[in-house]
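Student: Build me a structure from this.
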Amino acid sequence: MVYGQSLDMECSNKEIDIKLLEKIQRKKTGELIHAACTMSYSISNFFEPSVQENISKLAYLLGQLYQIIDDILDSTSTSENLGKTSGKDQKDNKATYVSILGIVKSKKIKEDFYFEIKELVKKIPGNTQILNHLIDKIYARDY
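Tutor: Numbering: from 1, shown residues only. Here you go, the predicted model:
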């Protein structure tokens, strides 16, 4: 996570491509969510390597979903609604999904991430109701 934050700071005021942006976001938000998801599963009594792999993929995608929503909201929402300064990424010349791909393509990618995550949840045994609720809340987030 620290590496991702370091990369993010290094790339401020620089033009980067989508691959580097995804690497930065994976190393920041993705690693944090990944650690929370995989560490807790790895010590459960129900550990299965194939399930662990799906949880790992899901966790990284959830980080990407969270980040792209954050990028979209920063460019489309008000400071009052967000509870923080909107448009800050653009003002600070930070690379985001929106600045690299535009708002329409970013919203499409957001949907793709969401549906891919929902498919991965179906591969996880047991009661996933709370997990599905969390994913839906992140997807519907407007602040």
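
Student: Grab the CA positions of stretch 123-140 and hand them over as PDB.
Tutor: C-alpha atoms of stretch 123-140 as PDB (Å, rounded to 0.1, in the frame of the first residue of the first chain):
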ATOM      1  CA  LYS A 123     -18.200 -18.900  -6.900                       C
ATOM      2  CA  ILE A 124     -17.800 -18.400  -3.100                       C
ATOM      3  CA  PRO A 125     -19.600 -21.000  -1.000                       C
ATOM      4  CA  GLY A 126     -21.700 -20.200   2.000                       C
ATOM      5  CA  ASN A 127     -23.800 -17.200   2.800                       C
ATOM      6  CA  THR A 128     -22.600 -14.200   0.800                       C
ATOM      7  CA  GLN A 129     -25.600 -12.000   1.500                       C
ATOM      8  CA  ILE A 130     -23.500  -9.500   3.500                       C
ATOM      9  CA  LEU A 131     -20.800  -9.500   0.900                       C
ATOM     10  CA  ASN A 132     -23.300  -8.800  -1.800                       C
ATOM     11  CA  HIS A 133     -24.800  -6.000   0.200                       C
ATOM     12  CA  LEU A 134     -21.400  -4.400   0.700                       C
ATOM     13  CA  ILE A 135     -20.600  -4.600  -3.000                       C
ATOM     14  CA  ASP A 136     -24.000  -3.100  -3.900                       C
ATOM     15  CA  LYS A 137     -23.400  -0.300  -1.400                       C
ATOM     16  CA  ILE A 138     -20.000   0.500  -2.900                       C
ATOM     17  CA  TYR A 139     -21.400   0.400  -6.400                       C
ATOM     18  CA  ALA A 140     -24.300   2.800  -5.500                       C
END
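
Student: Just the buried positions in it, please.
Tutor: Buried residues in stretch 123-140, defined by neighbour count with 16 or more other C-beta atoms under 10 Å: Leu131, Ile135, Ile138, Tyr139. Heads up, the C-betas are built off the backbone N, CA and C, glycines and all.

Student: Tell me the one of those residues nearest Ile109?
Tutor: Ile109 has its nearest neighbour among the buried residues of stretch 123-140 in Tyr139, at 12.5 Å by C-beta to C-beta.

Student: Distance to Phe47, secondary structure and pLDDT added to the buried residues of stretch 123-140, as TSV?
Tutor: Below are the buried residues of stretch 123-140 laid out as TSV (distance: C-beta to C-beta, whole Å; DSSP: H, G, I helix; E, B strand; the rest coil; pLDDT from 0 to 100):
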residue	distance to Phe47	secondary structure	pLDDT
Leu131	17	helix	96
Ile135	22	helix	98
Ile138	25	helix	97
Tyr139	28	helix	98
